[in-house]
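> Requesting a structural model of the entry that follows:
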Amino acid sequence: MRQLNEEETKIFYEKLGEYIGANIKLLIENEEDPHVFRLIKNKVYYMSLQIANWATNVGKDELLHVGTYFGKFTKTKKFRLNITCLEILAKYAKHKVWLKPSGEQSYLYGNHVIKAHLAKMSENIPQYANVILFSLQENPLGFGVASRSTLQCKDLDPTTVVVFNQADLGEYLRSEDDKNVEK
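Presented below is the predicted three-dimensional model:
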């Protein structure tokens with residue numbers, strides 16, 4: 001386990017900034033309960049500073065995971081967010097999209113969001129901005145990319161895709177199902 005180097009930090013913060021903007025500071029600059037990002041085998045974890053200090057006593061071969069898994073660096077040095085960080089991203093999201101109950105199930109099955117499933121959107125979402133998707137009960141469902149801006153969505157056909165699905169909570173079930181099929 002180690003701190004992210006300068007290049008990794010830049011790449012990671014750029015990706016995170018697409019979802020939560022300047023709220024990144026709120027994640028790490030909490031004086032009452034300081035938190036840090038740490039790298040374990042190309043995977044980024046978010047944890048309290050106290051837990052990070054305790055984890056230094058564990059050998060690098062024995063330490064598998066600690067904290068909240070945010071995502072991993074690919075071999076080409078790009079960062080890919082994982083659905084496990086959704087709860088944290090949802091608290092600080094810049095752009096939000098709420099789905100009607102009829103659209104939640106379709107989205108959680110891995111489909112893109114169409115206009116007919118939209119309940120509401122944050123103001124001034126630009127085209128191709130990263131968004132966090134919520135149910136009407138304010139439960140985070142996943143994240144994706146807006147295929148249209150907020151203004152463009154008002155005049156669209158109900159079957160037009162408005163958010164491309166990147167990750168959703170249904171991934172857990174689908175990945176478990178894939179593992180059972182392989183056995």
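
> Show me what counts as buried in stretch 87-103.
Residues 88, 89, 90, 92, 93, 94, 95, 96, 97, 98, 99, 103 are the ones in stretch 87-103 that count as buried (16 or more other CB atoms under 10 Å). To be clear about C-beta, it is placed using only N, CA and C from the backbone, and glycine gets the same treatment.

> What's the end-to-end length of that stretch?
Terminal residues of stretch 87-103 lie 20 Å apart, using CA to CA, to the nearest Å.

> Please compute how far that stretch lies from its chain's middle.
Centre-to-centre, stretch 87-103 and its host chain are 10 Å apart (CA atoms, centre = their mean, to the nearest Å).

> what's the domain layout of this protein?
What the TED database lists as the domains of the chain is 6-85, 95-173.

> Kindly reformat those domains as TSV containing mean pLDDT.
Formatted as TSV, those follow (pLDDT from 0 to 100):
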stretch	mean pLDDT
domain 6-85	88
domain 95-173	92
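
> Can you tell me which of those is packed in deepest?
Comparing those by mean neighbour count (mean count of other CB atoms under 10 Å), domain 95-173 comes out on top with a mean of 17.

> Output whichever strand or helix holds residue 133 in PDB, but only the C-alpha positions, please.
Per DSSP states H and E: residue 133 is located in strand 130-135. Written as PDB, here are the backbone C-alpha positions of strand 130-135 (Å, rounded to 0.1, in the frame of the first residue of the first chain):
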ATOM      1  CA  ASN A 130     -20.800  12.600 -16.200                       C
ATOM      2  CA  VAL A 131     -23.900  12.200 -14.100                       C
ATOM      3  CA  ILE A 132     -25.100  10.300 -11.000                       C
ATOM      4  CA  LEU A 133     -28.500   8.600 -11.400                       C
ATOM      5  CA  PHE A 134     -31.000   8.400  -8.500                       C
ATOM      6  CA  SER A 135     -34.400   6.900  -7.800                       C
END
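
> in its sheet, what does that strand sit against?
strand 96-99 (parallel), strand 140-146 (antiparallel) (DSSP bridges).
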